[in-house]
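In: Take this sequence and fold it.
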Amino acid sequence: MPFVLLGLAIAFEVTATLAMRASDGFTKAGPAAIVVVGYLISFVFMAKALTSLNVGPVYAIWSALGTIGAFVGGVLLFDEQVRPLGVVGAVIIVLGVVVMSFGGGVSQH
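Out: Next up is the predicted model:
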């Protein structure tokens, strides 16, 4: 169950981040509201996940998958360019999270 909560936290964080781009500098009320509500819900889900998971790996997973989600969402929704160096960076982020998870574990003891 904590990983489901973490997945929901990531989904709401990515949605909020993409809505921030769509808000046009917070000048569009609908997307701006999605930003605020999305981040609030994301933090609540992550806080719930942290009751049984370790903070370091969870935050690494949350931020890494959020970064990848925002990267892919930017490409799909806003026609942002995919550059080879950006893809390399995304792979490095994912590898870092994998290494961190092996090193510190995810579940609290």
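
In: Quick test: name the residue nearest the centre of this protein.
Out: Nearest to the geometric centre of the chain sits Gly66, at 2.0 Å (CA atoms, centre = their mean).

In: Can you list the neighbours in contact with stretch 29-46?
Out: Here stretch 29-46 makes contact (CB atoms under 8 Å, 6 or more residues apart in numbering) with 5-6, 8-10, 12-13, 15-17, 19-20, 22-24, 26, 58, 62. C-beta: built from backbone N, CA, C; applies to glycine.

In: among the residues you listed, which ones are buried?
Out: Neighbour-count burial (16 or more other CB atoms under 10 Å) is assigned, among those, to 5-6, 8-10, 12-13, 15-17, 19-20, 23, 58, 62.

In: Spatially, which two of the residues you listed are the most separated?
Out: Ser23 and Val58 (27.4 Å; CB to CB).

In: Tally up the residues packed near Arg83, please.
Out: When neighbours are defined as other CB atoms under 10 Å, Arg83 has 9 of them.

In: How about exporting the helix or strand that contains Leu85 as PDB, limited to the C-alpha atoms?
Out: For Leu85, the host element (DSSP states H and E) is helix 84-104. Output of helix 84-104 as PDB, limited to C-alpha atoms (Å, rounded to 0.1, in the frame of the first residue of the first chain):
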ATOM      1  CA  PRO A  84      20.100  13.500 -26.500                       C
ATOM      2  CA  LEU A  85      21.800  15.100 -23.500                       C
ATOM      3  CA  GLY A  86      18.400  15.400 -21.800                       C
ATOM      4  CA  VAL A  87      17.700  11.700 -22.300                       C
ATOM      5  CA  VAL A  88      21.200  10.900 -20.900                       C
ATOM      6  CA  GLY A  89      20.400  13.000 -17.900                       C
ATOM      7  CA  ALA A  90      17.100  11.200 -17.400                       C
ATOM      8  CA  VAL A  91      18.800   7.800 -17.500                       C
ATOM      9  CA  ILE A  92      21.400   9.000 -15.000                       C
ATOM     10  CA  ILE A  93      18.700  10.200 -12.600                       C
ATOM     11  CA  VAL A  94      16.900   6.800 -12.800                       C
ATOM     12  CA  LEU A  95      20.200   4.900 -12.300                       C
ATOM     13  CA  GLY A  96      21.000   7.100  -9.300                       C
ATOM     14  CA  VAL A  97      17.600   6.200  -7.700                       C
ATOM     15  CA  VAL A  98      18.200   2.500  -8.300                       C
ATOM     16  CA  VAL A  99      21.700   2.700  -6.700                       C
ATOM     17  CA  MET A 100      20.300   4.700  -3.700                       C
ATOM     18  CA  SER A 101      17.500   2.200  -3.200                       C
ATOM     19  CA  PHE A 102      19.900  -0.700  -3.100                       C
ATOM     20  CA  GLY A 103      22.200   1.100  -0.700                       C
ATOM     21  CA  GLY A 104      19.700   2.300   1.800                       C
END
